[in-house]
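[1] Got a predicted model here, sequence first, then my questions.
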Amino acid sequence: MNINRIGLKLGAAIIVLMIVILASAGFAVDRLFTNFYDAQMRDNAQGIADHFTTMAESGDSSVQSMIRNFAEFSNVKVYWLSDDGKVLTLSGTKLADPSFVRARDTKRLLSGYPVEYMSGNTSGRRFYVVGRPIRTDSSARPAIYIVSSMTEIDNSLGRLRNLLMLSGLGAFLLALGMILIMSKLLSRPLLQMQQMTEKMANGNWDTRLRVGSRDEIGMLGHSINDLAASLQRYRDTRQAFFSNISHELRTPVTYLQGYAKVLTDGLVESDKEKKQYLSIIYQESLRLEHLINDLFTLSKMEEGQIKLKPEPLDLREIIRTAVQKVKLRAEKKHLSLQMDLHDRVPFVRGDRQRMEQVLLNLLENAIRYTEKGSILVRLSGQKEAAVLSVSDTGVGIPKDELPYIFERFYRVEKSRARKFGGTGLGLSIVKKYVEMQGGTVQVDSEPGSGTTFRLILPYEEKQGKGRIKS
Ligand code: ADP
């Protein structure tokens, strides 16, 4: 048996505690009864002694036989003490070895003082001895001894002690049984948890604990199940993530290899064709660079390595800068890029560079997925937050795909997105950055007519410095 089991440790502590409690309770009960019986005995012996002394002091001639009868009736022994210190029976014969007599008490008695004490003989029997001086001139005996045997009381006390021991033993055995059951009940779920966490350490995250109780152990079981579930989710998303990365990297590399080979093998017929291939190689290398940059940003975000530099931000200024940067691209596609910025919108608190990147991602998407029409950036103010929206008149996103577009590598239509040159990471970066700055992202879209992304960014004074997550 493993002595390190928590149930056993707990059980041992309870047993020690029980032994201490039972022993002290038993001792207290024993003392209580012993004192009670002894007091009774003492009172009884004193009463009889007072009675006999009065009888002896009366000087009556029949006192001898009266005392003998009374002594027999009261179950006590009565002796005289002669003035030379000898102990005599009632009829006057000298007692050879009166074991109950103590020399110093005899002296006190002969000096006229009463004595009382507990005496015992070699066989362990106890006696209560009361000595009383007899104050009468005519009396030949100066004192009387009343010796009361404690054997009956001691027998009763013995029986009581046996009873106490027996009930103590019963209580102890009962407690022992209870402790064994409790320790099993306590340690079984803990053992199951230990086995489960061992399995989890070996990478098996599919099993779950069956939690029956609602106490602390039950709560721990639920937490372990939750941990296993999130590890499982983590593993699944990580696997999907890696297969996505390899796929995303492989495709442009295949293009690069293919077109580079065509060029090096001299299979190109015209300069125009050569230019076309070189342009594809350039586009694909740009896509690779874009992908690597996005991946780098995401991985830094996941590790919590990105530190924001929060400051009061004038969103209008940031919008103008971002719009300026993508203007050329919009013009190339003949899209009109417009702004509608309310001038009374208070500052928000955030990181200037990240906020600009968020806006650029949204604007680039809008341009990428819009073939004709316009893109509108709007800034307005609500009661507690600024609302920044980017709307386009592009292809839109089907309703059932909307919940997933913020996931890493998610694309509405793989082939379409590749044609447009996206990485599938832009929106997940947008969402992360906005949330890190205490804001939220919303999206509305109608396939065929356009999409609107809306950022809700709390004002600086409402947000407070502490709420910026960095
Ligand atoms: P990507 O780099 O592929 O654009 P994102 O994470 O930015 O990746 O976007 C995820 C997907 O959401 C895109 O592949 C695209 O299908 C869809 N999407 C994003 N923005 C728009 C938009 N303005 N209009 C239509 N579809 C969009």
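    Now that the structure is in, tell me what you want to look at. Source: prediction; values computed, not measured.

[2] Close to the ligand: what parts of the stretch 301-450 of the chain are there?
    365-366, 369, 392, 394-397, 405, 410-412, 417, 422-428 (CB under 6 Å from any ligand atom). From N, CA and C alone the C-beta is placed, and that goes for glycine too.

[3] And those residues, which of them are buried?
    Buried members of those, scored by 16 or more other CB atoms under 10 Å, are 365-366, 369, 392, 394-397, 405, 410-412, 417, 422-428.

[4] Helices - which of these land there?
    365-366, 417, 426-428 (DSSP state H).

[5] Just name the lowest-scoring one in those residues, pLDDT-wise.
    Among those, Ala417 carries the lowest pLDDT, at 54.

[6] quick one, strands of the stretch 301-450 of the chain?
    Counting by DSSP state E, counting those that start in this stretch, one finds strands in the stretch 301-450 of the chain at the ranges 311-313, 336-341, 348-350, 374-381, 385-392, 440-446, 450-458.

[7] How about the first one, which residues are buried there?
    Buried residues in strand 311-313, counting neighbours by 16+ other CB under 10 Å, are found at Leu313.

[8] Give me the distance from it to the chain's centre.
    Remark: strand 311-313 is offset 41 Å from the chain centroid, using CA atoms, centre = their mean, to the nearest Å.

[9] before we move on, what about the fifth one?
    Centroid separation between strand 385-392 and its chain, computed with CA atoms, centre = their mean, is 45 Å.

[10] how is the chain carved up into domains?
    What the record gives for the chain is the domain set 5-156, 216-302, 306-458, from automatic domain parsing.

[11] Turn the ones you listed into a markdown table, columns for distance to Leu169.
    Formatted as a markdown table, those follow (distance: least, CB to CB, whole Å):
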| stretch | distance to Leu169 |
| --- | --- |
| domain 5-156 | 9 |
| domain 216-302 | 32 |
| domain 306-458 | 67 |
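
[12] Now Arg188: which helix or strand?
    Applying DSSP states H and E as the criterion places Arg188 in helix 151-201.

[13] just checking, what packs against whichever helix or strand comes after that helix?
    Heading C-terminal from helix 151-201, the first helix or strand you meet, by DSSP H and E, is helix 216-264. Applying 3 or more CB pairs under 8 Å, 6 or more residues apart in numbering; DSSP states H and E, one finds that helix 216-264 contacts helix 151-201, helix 271-302.

[14] If I take helix 216-264 and helix 271-302, what angle do their directions form?
    Helix 216-264 and helix 271-302 are oriented at 160 degrees to each other (axes from the mean of the first three to the mean of the last three CA atoms, to 10 degrees).

[15] Thought Phe453 was touching Val443, still the case?
    Yes - under the criterion of CB atoms under 8 Å, Val443 makes contact with Phe453 at 5.3 Å.

[16] So for these two, which residue has more residues nearby?
    Taking other CB atoms under 10 Å, Val443 and Phe453 do not tie; Phe453 has more neighbours (24 against 14).

[17] Check the gap between the more buried one and Ser246 for me.
    29 Å (CB to CB, to the nearest Å).

[18] Arg349 too?
    Distance from Arg349 to Ser246, by CB to CB: 39 Å.

[19] May I see the buried residues of stretch 344-354?
    Buried residues in stretch 344-354 (16+ other CB under 10 Å): 345, 347-352, 354.

[20] now those in TSV, with distance to Glu331?
    Converted to TSV, the buried residues of stretch 344-354 look like this (distance: CB to CB, whole Å):
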residue	distance to Glu331
Val345	27
Phe347	31
Val348	29
Arg349	33
Gly350	29
Asp351	29
Arg352	26
Arg354	26
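
[21] Can you lay out those residues as JSON lines showing pLDDT?
    Converted to JSON lines, the buried residues of stretch 344-354 look like this (pLDDT from 0 to 100):
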{"residue": "Val345", "pLDDT": "91"}
{"residue": "Phe347", "pLDDT": "93"}
{"residue": "Val348", "pLDDT": "94"}
{"residue": "Arg349", "pLDDT": "92"}
{"residue": "Gly350", "pLDDT": "92"}
{"residue": "Asp351", "pLDDT": "92"}
{"residue": "Arg352", "pLDDT": "92"}
{"residue": "Arg354", "pLDDT": "90"}
